[in-house]
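S.K.: When you get a sec, could you give me coordinates for this:
(chains A and B)
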Amino acid sequence: MTALAQDRRRYLTDHPGFLAGLFMSPAVLYILALVGFPFVLAIVYSFTDISTGNPQLDFVGWETFRRVIADPVFRQSLWNTFRFAVIANVLVVVFATALAEVLTRDFKGKWLVRFLILLPWVAPVSLATVTWLWTLDSIFSPVDWVLRQVGLITENMYWLGLPDLARTSVVAVQAWRVIPLAAVIVMAGLTAIPTEINDAVAVDGAGTWRRIFQVTIPLLAPIIAVAVLFGVILTISDMSVVYVLTRGGPTNSTQVLSTWAFIKGIEGGALGQGAAVALFLLPVLVGITAVVLRLARRREVM
Amino acid sequence: MTWAGTDVAALRLRADRRRRWGRVGLYASAIGFALVAAFPFSWAVITMFKQSSDLYVKANNPFWFNEAPTLEHVKYLFNQTNYLTFLRNTVVVGLAVTAITLVLALPVAYALARLRLRWGERMGIAIFLVYLIPSTLLFIPMTRVVNNFGLQESLWALIIVYPTITIPISAWLLMGFFKGIPMDIEEQALVDGQSRIGAITRVVLPLMFPGIVAVVVFAFTLSATEFIYALSFNKSSAVKTIAIGVPTELIRGDVFFWQSLQAAVILFVVPVALIFNAFLDRFITGFTMGAVKG
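M.R.: Next up, the predicted model:
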């Protein structure tokens, strides 16, 4: 080691290895204690009949799962979680890609348009849902007023009062609030596409649509995958939209895993069953994790 | 005029026409997106200033002030509800969470972005994966843990738990910003006789200012949005944040209370959106840089 290099390592913190340990251990310990430990506990709870009334960890094997699955409301919640996520995220992909394409162009009043478009993402989800609760009100909904003026309906729609309409409303609100974030992610990808490629395509005489479908979308596929990933996680793990909009009703027709876990575990005090319900999100998350890891590995190869 | 058998003038005309229709389409879709995105919020803005005798008449045009606008319901929100308490709680929790997040995430991001660790990349991915474990999966055992430490019904529960959400994503964001600062600058400081810590605090951190601001905005917004933990830990209105306080206490069954409720949403959302909008470009660069292999 040269004198200079030796001189540089006057302090213990000048050693990269020591510094790395010093810098990383607080956050790693924090996460292990407050994510790792509860995560293990969530799995342990699902195999016990723990409740707020009986906080003992008595193992009952698969009994808790059996009881959870036997409940038709749970099966409805599982099915809803799945289809809400799929439909909402199909909408997200279509509209977020289009929106990102719009936002990367220059036009007058762009600042205002961008501000308005970002509102659904920036607003706390539960508060944004409160504005929808009023927009879809059973009597005073302005949507209904417009439909009445046009002559499409004569009375009210009851957006949140009829099972199919309530499910449609939940999906629409979920897509509505995820689209801005997804669009921002796709935008980041769009700006990363070298302008020479677009110029070359334009010189070759391709129109906007051909450019979008044959150049932009294939190049964007990985970043769209990232946007879907965020979208799926946000929609399957969110509880506030359903809780504020319908509380799972009418008659549990909009119940999802997160709200059902809350109703069982926190409101009903059946901690074991609540944890077991939430645990059904795990397969989806494991699948997403696999996709993330694959994307990360592909980036390494590139 | 023809060139190599093609009518150049006709081609140019067609290109012009396509461009013009492209502009029309662009404005139409921009306005369409903005309308849909802002629709419930604009309805909320109109509602918050409406008199009850105007609002609760089914035949009245909802988008028009059929009677003079009023501030009565905004005043009611501040004087007769716990709105200010919710606001204060949100700010206190947000600031504390942001501080903890910065203290813990900055060193991690620095180590992963600049120390050229052998397992650095893997660790970066591991941190990102923590972000994928949602609070929905953890809130039931977390509520027990919080109760066992006697932290329920207090802001401390939120201040301690929220960094588990903000640290992973902030570390990822900050990594991008660290990678954007040339290594030479830091090495020069080392050659000039600074210690590593000295080089970091005196040379690198000042350059990280944009990244730190981005994380402050991001962490604050995330903790203001969080719903499921807050709903599980805190039931008394003195310790509710805005995200749970407004939907659990200001929605009052059949009572006509909609104006104050919408005011509660708008008066929080609009300022936050203005701040967030100012930093959007930084988020985009931060995320893109975080994704670029360093």
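S.K.: C-alpha from now on. contacts and neighbour counts both.
M.R.: OK.
S.K.: Return the distance of stretch B:230-248 from the chain's centre.
M.R.: Relative to its chain's centre, stretch B:230-248 lies at 19 Å (CA atoms, centre = their mean, to the nearest Å).
S.K.: Buried residues, that stretch. List them.
M.R.: Using 16 or more other CA atoms under 10 Å in any protein chain shown as the test for burial, stretch B:230-248 gives B:230-235, B:237-247.
S.K.: cool, stretch A:113-130 as well?
M.R.: In terms of neighbour count (16+ other CA under 10 Å), stretch A:113-130 has its buried residues at A:113-130.
S.K.: Out of the residues you listed, list just those in helices.
M.R.: Applying DSSP state H to the buried residues of stretch A:113-130, the entries found in helices are A:113-122, A:125-130.
S.K.: which helices and strands does the longest helix along chain A pack with?
M.R.: In terms of residue count, the longest helix belonging to chain A (DSSP H) is helix A:72-103. Judged by 3 or more CA pairs under 8 Å, 6 or more residues apart in numbering or on different chains; DSSP states H and E, helix A:72-103 is in contact with helix A:163-192, helix A:217-237, helix A:257-262, helix B:8-48.
S.K.: Of these, which stretch is the most buried?
M.R.: helix A:257-262 (a mean of 28; mean count of other CA atoms under 10 Å in any protein chain shown).
S.K.: what's it in contact with?
M.R.: Outside helix A:257-262, the residues within contact range by CA atoms under 8 Å, 6 or more residues apart in numbering or on different chains are A:74, A:77-78, A:81, A:236-239, A:242-243, A:247-248, A:273-278, A:280-281, B:136, B:140.
S.K.: ok, of these, which come out buried?
M.R.: Neighbour counting with 16+ other CA under 10 Å marks A:74, A:77-78, A:81, A:236-239, A:242-243, A:247-248, A:273-278, A:281, B:136, B:140 as buried within those.
S.K.: Skipping adjacent residues, who's closest to residue B:217 in space?
M.R.: In this structure, residue B:217 finds its nearest non-sequential neighbour in residue B:276, 6.8 Å apart by CA to CA, 6 or more residues apart in numbering or on different chains.
S.K.: same for chain B: which of the ones in helices among the buried residues of stretch A:113-130 are within range?
M.R.: On the criterion CA under 8 Å from any CA of the partner chain, A:113-120, A:122, A:125-128, A:130 are the entries of these that sit beside chain B.
S.K.: Report the central residue of chain A.
M.R.: In chain A, the centroid-proximal residue (CA atoms, centre = their mean) is residue A:234; its distance is 1.2 Å.
S.K.: Just give the nearest non-adjacent residue to that one, would you?
M.R.: Using CA to CA, 6+ apart and skipping the chain neighbours, the partner closest in space to residue A:234 is residue A:178 (7.6 Å).
S.K.: Next up, the contacts around residue A:115.
M.R.: Applying CA under 8 Å, 6+ apart to residue A:115 gives the contacts B:273-274, B:277.
S.K.: Can I get those residues in JSON lines including neighbour count, pLDDT and secondary structure?
M.R.: As requested, the contacts of residue A:115 are exported to JSON lines (neighbours: other CA atoms under 10 Å in any protein chain shown; pLDDT from 0 to 100; DSSP: H, G, I helix; E, B strand; the rest coil):
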{"residue": "B:273", "neighbour count": "19", "pLDDT": "88", "secondary structure": "helix"}
{"residue": "B:274", "neighbour count": "15", "pLDDT": "87", "secondary structure": "helix"}
{"residue": "B:277", "neighbour count": "19", "pLDDT": "81", "secondary structure": "helix"}
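S.K.: now, which of those lie close to chain A?
M.R.: Contacts with chain A within the contacts of residue A:115, counted by CA under 8 Å from any CA: B:273-274, B:277.
S.K.: would you say residue B:62 is within a strand?
M.R.: No: assigned with DSSP: H, G, I helix; E, B strand; the rest coil, residue B:62 falls outside any strand and is coil.
S.K.: That one: neighbouring residues, count only.
M.R.: 22 (other CA atoms under 10 Å in any protein chain shown).
S.K.: correct me, but it touches residue A:139?
M.R.: No: with contact defined as CA atoms under 8 Å, residue B:62 does not reach residue A:139; the gap is 11.8 Å.
S.K.: Report the closest residue of the stretch 51-200 of chain A relative to chain B.
M.R.: Of all residues in the stretch 51-200 of chain A, the one sitting closest to chain B is residue A:124 (4.2 Å; CA to the nearest CA).
S.K.: Please tell me how far that residue sits from residue B:243.
M.R.: As judged by CA to CA, to the nearest Å, residue A:124 and residue B:243 stand 6 Å apart.
S.K.: Then residue A:255?
M.R.: Residue A:255 sits 21 Å away from residue B:243 when distances are taken as CA to CA.
S.K.: what's the closest residue to residue A:266 other than its chain neighbours in contact with, if anything?
M.R.: Across the structure, with CA to CA, 6+ apart as the measure, the residue nearest residue A:266 apart from its sequence neighbours is residue B:232 (6.6 Å). Listed by CA under 8 Å, 6+ apart, the contact partners of residue B:232 are A:266, B:139, B:143.
S.K.: Skip ahead from the host helix or strand of residue B:232 and say which helix or strand is next.
M.R.: For residue B:232, the element it lies in under DSSP states H and E is helix B:228-233. Per DSSP H and E, helix B:228-233 leads on to helix B:242-249 as the next helix or strand towards the C-terminus.
S.K.: tell me what that following helix is packed against?
M.R.: helix A:125-135, helix B:83-114, helix B:209-225, helix B:258-278.
S.K.: and it, what's its mean pLDDT?
M.R.: Confidence over helix B:242-249, taken as the mean pLDDT, stands at 91.
S.K.: just stretch B:72-86 next, same as before
M.R.: Per-residue pLDDT over stretch B:72-86 has a mean of 90.
S.K.: swap in stretch A:172-192?
M.R.: 88.
S.K.: and that stretch, C-alpha only, in PDB?
M.R.: Listed next in PDB are the C-alpha coordinates belonging to stretch A:172-192 (Å, rounded to 0.1, in the frame of the first residue of the first chain):
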ATOM      1  CA  ALA A 172     -63.100   2.400 -12.200                       C
ATOM      2  CA  VAL A 173     -61.900   4.300  -9.100                       C
ATOM      3  CA  GLN A 174     -58.900   1.900  -8.700                       C
ATOM      4  CA  ALA A 175     -57.900   2.400 -12.400                       C
ATOM      5  CA  TRP A 176     -58.500   6.100 -12.100                       C
ATOM      6  CA  ARG A 177     -56.100   6.600  -9.200                       C
ATOM      7  CA  VAL A 178     -53.300   4.200 -10.500                       C
ATOM      8  CA  ILE A 179     -53.200   5.600 -14.100                       C
ATOM      9  CA  PRO A 180     -51.300   8.800 -13.300                       C
ATOM     10  CA  LEU A 181     -48.500   6.900 -11.400                       C
ATOM     11  CA  ALA A 182     -48.300   4.300 -14.200                       C
ATOM     12  CA  ALA A 183     -48.200   7.100 -16.800                       C
ATOM     13  CA  VAL A 184     -45.300   8.800 -14.900                       C
ATOM     14  CA  ILE A 185     -43.400   5.500 -14.900                       C
ATOM     15  CA  VAL A 186     -44.000   5.000 -18.600                       C
ATOM     16  CA  MET A 187     -43.000   8.600 -19.200                       C
ATOM     17  CA  ALA A 188     -39.700   8.000 -17.600                       C
ATOM     18  CA  GLY A 189     -39.300   5.100 -20.100                       C
ATOM     19  CA  LEU A 190     -40.400   7.200 -23.000                       C
ATOM     20  CA  THR A 191     -37.800  10.000 -22.200                       C
ATOM     21  CA  ALA A 192     -35.200   7.300 -22.100                       C
END
